[in-house]
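Engineer: Build me a structure from this.
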Amino acid sequence: MDPNSIVKTPGPEDNPVSIVDVITDLGTKTINNVLLIAGAIAIGFLVYNSMRLMQSQGNEEQVEKAKKSIMYSIWGIVLITLSLVIAKNLVGFIDTVS
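Structural biologist: Numbering: from 1, shown residues only. As a prediction, this is how the structure comes out:
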């Protein structure tokens with residue numbers, strides 16, 4: 001029997017995927033999903049409060065509440081977008097380091 005024909009059982013040193021890759025991939029997917037859901041909720045609040053503004057019929061108190069809520073929704077969308085940018089840059093940095 002030829003020793004070169006024996007199939008070697010792969011060990012941990014033969015694994016091309018490192019634990020850093022697995023953790024980075026899992027973290028990226030988790031962050032993307034959380035930010036996607038948060039963005040959808042923020043856009044939902046923006047639409048809802050825009051409807052409140054249109055239905056306020058000139059009532060100053062309701063107009064002010066709707067305007068404040070719209071402003072908070074826009075700030076939420078901005079923060080979510082910045083979080084996504086920061087997370088992607090952080091993952092890119094981790095990939096280049098490892």
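
Engineer: Point me to the residue sitting closest to the centre of this structure.
Structural biologist: N32 (2.7 Å; C-alpha atoms, centre = their mean).

Engineer: For that one, report the pLDDT, please.
Structural biologist: pLDDT recorded at N32 is 89.

Engineer: Is it inside a helix or a strand, and which specific one?
Structural biologist: Using DSSP states H and E, N32 sits in helix 19-54.

Engineer: Does anything pack onto the very next helix or strand once past that helix? Which helices or strands?
Structural biologist: Once helix 19-54 ends, the next helix or strand along the chain (criterion: DSSP H and E) is helix 60-97. Judged by 3 or more C-beta pairs under 8 Å, 6 or more residues apart in numbering; DSSP states H and E, the packing partners of helix 60-97 are helix 19-54. No exception for glycine: its C-beta is placed from N, CA and C like everyone else's.
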